[in-house]
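K.L.:
Here's my sequence, what's the structure:
(2 chains)
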2 protein chains.
Amino acid sequence: MTNERAAPPTISEVAAEAGVGRSTAARTLGGYGYVSPEVRERVLAAAERIGYRTNALARSMSTGVTHTIGVIVADIANPFFGGVVRGISDASRTRGFDTLVLSTYEKLAEEIAATDVLIDKRVDGMIIASAALDPASADHILQARSRGIPVILVDRVVRGLHLDAVVIDNRTASREAVARLIAAGHRRVGFVWGPPLAERPSRRRDFIDVAARNLSTDGERLQGYLDALDDEGIAFDPELVMVGPKDEERAEAEATRMLGLADAPTAMFCTETDAVTGTLRAIRAAGLHVGSDVSLIGFDDSSWAAVMEPPLTMIEQPMLALGERAAEALLEMIDGGADSVRVHTLETRLIERASVQPPPAARA
Amino acid sequence: MTNERAAPPTISEVAAEAGVGRSTAARTLGGYGYVSPEVRERVLAAAERIGYRTNALARSMSTGVTHTIGVIVADIANPFFGGVVRGISDASRTRGFDTLVLSTYEKLAEEIAATDVLIDKRVDGMIIASAALDPASADHILQARSRGIPVILVDRVVRGLHLDAVVIDNRTASREAVARLIAAGHRRVGFVWGPPLAERPSRRRDFIDVAARNLSTDGERLQGYLDALDDEGIAFDPELVMVGPKDEERAEAEATRMLGLADAPTAMFCTETDAVTGTLRAIRAAGLHVGSDVSLIGFDDSSWAAVMEPPLTMIEQPMLALGERAAEALLEMIDGGADSVRVHTLETRLIERASVQPPPAARA
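P.N.:
Numbering: from 1, shown residues only, chains lettered A, B, ... in the order given. I've put the predicted structure just below:
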């Protein structure tokens, strides 16, 4: 059954096999011009027999459609983006579109290069989790749009830029999680990561400025934390906010610092998986226990969080749905619909387990 | 700076902007024929000015190279494959190749369809984590090879098929992990998942047959478990092997069944993340503790495993390196090198933490 030649069969070979002229074979295989049903059948059978395959590139050249969606995310190895990409891929394939995925590791230069690659590949549309913080740094996205390439942002918006996006309401999700900690009796809540601050500002207002200038997800999560404190009239303490690069080691160091304060936090709110695992290390190293000593809520539920001792209360993001909705919105734009800018906001869910308990003082 | 037109600029428009004829502009932009350095400079500047971009499709049509690698994995949302795909993507991009990623969810029909898509897109090569169990079900891979498309298998080999592959030594990794449990004093070791058995065979020999007919990773991990028992002259007990579909719920149910046996296992060996989390649920539900009551080693280390209480001893797979090596091997084939079939086997690492302790009887 297998064809042992290295070079794929040509239209001329199909024509010879079918006993028709080359132009007849070309019309049949290209789907243009008139060919009688009987001859058409004969050519297709010959093509099948010798393993001829229509050339998607050639078809794309004539139709202008590549049936390819470009996807740009921070890191495909991050399970959050893995879920989003799977959602995009599943929803696109049911419509016959494939996905080209590129990772940027949150570097804007990588994102600009990735956009160039996708434009060059003539993708029919792009879905981008952008590292751009403002319109000035999003010129590459505007360039793609101006070439008539539909673009949907996913996970993050770019502030000041009116583009279609599929996101969650990070501010509300954080506000609700921190409110849950406050409702359990906590007044001192540590915030583990968010905007990467080089140094700690002293005023609440500076934090809000920082939140508004950073990656929308990070900024909104910090803003939701501040909202929850304001709702209950709890004074903001800059010492309870992590500063420095967003990685597990720094999260552990900052959580350790906070737990060593004279007026240490009795609860921690962690905005990403590595912030959770870093904070858990700090709690353990301090000889404390999650729940009974220090309550904890984290972003991004996983099967691991459910089997921790105690099981962790976590915010679940709808990763697959974010990807599916982004693909659906993009395909609608590709089809020529959707001429107004829309931001789709999907629901998160606070999954309550056993890592939130009253603070030790309240129990004593 | 942005170009507000929907249609991309044409070669004719570049020619007009540069004040040269269309054929001169086409020769310059296509990189063929003679153009004086001065004119060439003028055309490129004009192209830059009006935002003309060379068409990758057109270039591919003439060169036959798309600079695209097709990747077929079980599930991009699985962190293991996320890591592999990131490795492939990173290594490919340094050579100017992009990656088209498709997930099959371990369904052979999806894999065949995905291969067709990639052939149709004229990818320069493919990297496949195949669900095919034997040469008869791998005809789609042979078809791609016979068209001259280089293929590298990753994560799994297809038994009986001589193809280039990048894998780990699953059998040795399992044998060493189970040997570690036996060295700690365990004689009854549960095996949580592996080949999905509809019913439990009664003879050791049947298990070996099953192992040899299934997905190479699953079969080799079961074989490594049997090897370790044999090494120490420990009798094989079919009751200590999970049967049924490979999912967390079934893992929990089967681990619960084993822990309820009169001669219950004192250690569990889990061959995937969901097997670990399902087994942890079962241990907890039985009122037992990991380490002191039931030892555990699992496949696929993660930052979560390190913060479990107690931290789990895990097998670390080199996910990024698997992807990088697969991409490098594929690019070498694309370059025309590597005319012999090679199987690259990468090292795993047993990361010892605190979930392996002597069995309760040995301590008492």
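K.L.:
pLDDT wise, what is the one residue in the stretch 101-250 of chain A that gets nearest to chain B at?
P.N.:
For the stretch 101-250 of chain A, the residue closest to chain B is A:Gly148, as judged by C-beta to the nearest C-beta, at 3.8 Å. To be clear about C-beta, it is placed using only N, CA and C from the backbone, and glycine gets the same treatment. On the pLDDT scale, A:Gly148 is placed at 90.
K.L.:
quick one, what contacts the nearest residue to A:Arg42 once chain neighbours are set aside?
P.N.:
With C-beta to C-beta, 6 or more residues apart in numbering or on different chains as the criterion, A:Arg42 has its nearest non-adjacent residue at 4.9 Å, and that residue is A:Ala18. Neighbour list for A:Ala18: A:25, A:39, A:42-43, A:45-47 [criterion: C-beta atoms under 8 Å, 6 or more residues apart in numbering or on different chains].
K.L.:
cool, and A:Thr217?
P.N.:
For A:Thr217, the contacting residues are A:155-156, A:170, by C-beta under 8 Å, 6+ apart.
K.L.:
interface residues of the stretch 101-250 of chain A facing chain B?
P.N.:
A:101-103, A:117, A:119-122, A:139, A:142-143, A:146-148, A:248 (C-beta under 8 Å from any C-beta of the partner chain).
K.L.:
What's the local residue count around the residue of the stretch 201-350 of chain A at minimum distance from chain B?
P.N.:
Nearest residue of the stretch 201-350 of chain A to chain B: A:Trp304, at 3.6 Å (C-beta to the nearest C-beta). When neighbours are counted by other C-beta atoms under 10 Å in any protein chain shown, A:Trp304 registers 22.
K.L.:
And it, how close does it get to B:Ser302?
P.N.:
The gap separating A:Trp304 from B:Ser302 is 7 Å, by C-beta to C-beta, to the nearest Å.
K.L.:
Also A:Glu272?
P.N.:
14 Å.
K.L.:
same question, A:Ile234
P.N.:
35 Å.
K.L.:
thinking again about what came up before, next step: the residues of the stretch 101-250 of chain A next to chain B restricted to helices.
P.N.:
A:117, A:119-120, A:139, A:142-143, A:146, A:248 (DSSP state H).
K.L.:
List the buried residues in stretch A:347-357.
P.N.:
A:348, A:350, A:353, A:355-357 (16 or more other C-beta atoms under 10 Å in any protein chain shown).
K.L.:
and the two most separated of those?
P.N.:
Longest distance between any two of the buried residues of stretch A:347-357 is 22.3 Å, between A:Thr348 and A:Gln357; criterion C-beta to C-beta.
K.L.:
What residues does A:Thr256 make contact with?
P.N.:
A:282, A:285-286.
K.L.:
try 6 Å
P.N.:
A:Ala282 (C-beta atoms under 6 Å, 6 or more residues apart in numbering or on different chains).
K.L.:
Surely it is in a helix?
P.N.:
Yes - membership of A:Thr256 in a helix is supported by DSSP: H, G, I helix; E, B strand; the rest coil.
K.L.:
Okay, it and A:Ala282: tell me how far apart.
P.N.:
A:Thr256 sits 4 Å away from A:Ala282, taking C-beta to C-beta as the criterion.
K.L.:
so A:Ala267 touches A:Val189, yeah?
P.N.:
Yes - between A:Ala267 and A:Val189 there is a contact under C-beta atoms under 6 Å: 4.7 Å.
K.L.:
shared neighbours of these two, anything?
P.N.:
Contact with both A:Ala267 and A:Val189 is made by residues A:Leu181, according to C-beta under 6 Å, 6+ apart.
K.L.:
How many neighbouring residues does A:Val307 have?
P.N.:
22.
K.L.:
Over to A:Thr271?
P.N.:
A:Thr271 sits with 30 neighbouring residues when counted by other C-beta under 10 Å.
K.L.:
pretty sure it is touching A:Asp300, no?
P.N.:
No - A:Thr271 is not in contact with A:Asp300 according to C-beta under 6 Å; the separation is 8.9 Å.
K.L.:
Distance-wise, check the closest residue to A:Ile112 other than its chain neighbours relative to A:Ile76.
P.N.:
Once flanking residues are discounted, A:Ile112 sits nearest to A:His140: 4.5 Å by C-beta to C-beta, 6+ apart. The gap separating A:His140 from A:Ile76 is 20 Å, by C-beta to C-beta.
K.L.:
which bits of the stretch 251-364 of chain A sit near chain B?
P.N.:
Within the stretch 251-364 of chain A, the positions near chain B by C-beta under 6 Å from any C-beta of the partner chain are A:277, A:280-281, A:303-304, A:307, A:309.
K.L.:
from these, which two are the most distant?
P.N.:
Farthest-apart pair in those is A:Arg281 and A:Ser303; separation 19.9 Å (C-beta to C-beta).
K.L.:
Among those two, which residue is more densely surrounded?
P.N.:
Neighbour totals were compared for A:Arg281 and A:Ser303, and A:Arg281 leads with 21 against 15 (other C-beta under 10 Å).
K.L.:
what's the pLDDT at A:Met61?
P.N.:
55.
K.L.:
One more: A:Ala56?
P.N.:
59.
K.L.:
cool, A:Arg5 as well?
P.N.:
For A:Arg5, the predicted pLDDT is 41.
K.L.:
same question, A:Gly160
P.N.:
Looking at A:Gly160, the pLDDT reads 89.
K.L.:
Phi and psi next, for it.
P.N.:
phi 90, psi 0 (degrees, to the nearest 10).
K.L.:
ok, so what distance separates the closest residue in space to A:Arg145 that isn't next to it in sequence from A:Ile127?
P.N.:
Closest residue to A:Arg145 apart from its sequence neighbours, by C-beta to C-beta, 6+ apart: A:Val151 at 5.6 Å. To A:Ile127, A:Val151 is 8 Å away according to C-beta to C-beta.
K.L.:
Look at the two and report which has more neighbours.
P.N.:
Counted by other C-beta under 10 Å, A:Val151 and A:Ile127 do not tie: A:Ile127 has more neighbours, with 31 against 22.
K.L.:
chain center to the strand or helix carrying that one: distance?
P.N.:
Following DSSP states H and E, one finds A:Ile127 within strand A:125-128. Relative to its chain's centre, strand A:125-128 lies at 11 Å (C-alpha atoms, centre = their mean, to the nearest Å).
K.L.:
partners of that strand in the sheet?
P.N.:
Note on strand A:125-128: by DSSP bridges, its sheet partners are strand A:68-73 (parallel), strand A:151-154 (parallel).
K.L.:
Now tabulate those strands in JSON lines and tack on mean pLDDT.
P.N.:
Formatted as JSON lines, those follow (pLDDT from 0 to 100):
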{"stretch": "strand A:68-73", "mean pLDDT": "95"}
{"stretch": "strand A:151-154", "mean pLDDT": "97"}
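K.L.:
Quick one: closest of those to A:Val243.
P.N.:
strand A:68-73 (26.2 Å).
K.L.:
angle of that closest one against helix A:139-146?
P.N.:
Interaxial angle, strand A:68-73 versus helix A:139-146 (axes from the mean of the first three to the mean of the last three C-alpha atoms, to 10 degrees): 160 degrees.
K.L.:
Outside of the next helix or strand after strand A:68-73 itself, list whatever touches it.
P.N.:
Of the helices and strands lying after strand A:68-73 in sequence (DSSP H and E), the nearest is helix A:79-93. Helix A:79-93 is contacted from outside by A:69, A:71, A:73, A:75, A:99, A:101, A:127, A:300, A:319-320, A:322-324, A:326-328, B:76-77, B:79, B:82, using C-beta under 6 Å, 6+ apart.
K.L.:
at 8 Å what do you get?
P.N.:
With C-beta under 8 Å, 6+ apart as the test, helix A:79-93 has contacts from A:69, A:71, A:73-76, A:98-99, A:101, A:103, A:127, A:129, A:154-155, A:273, A:300, A:302, A:317, A:319-328, A:331, B:75-79, B:81-82, B:101-103.
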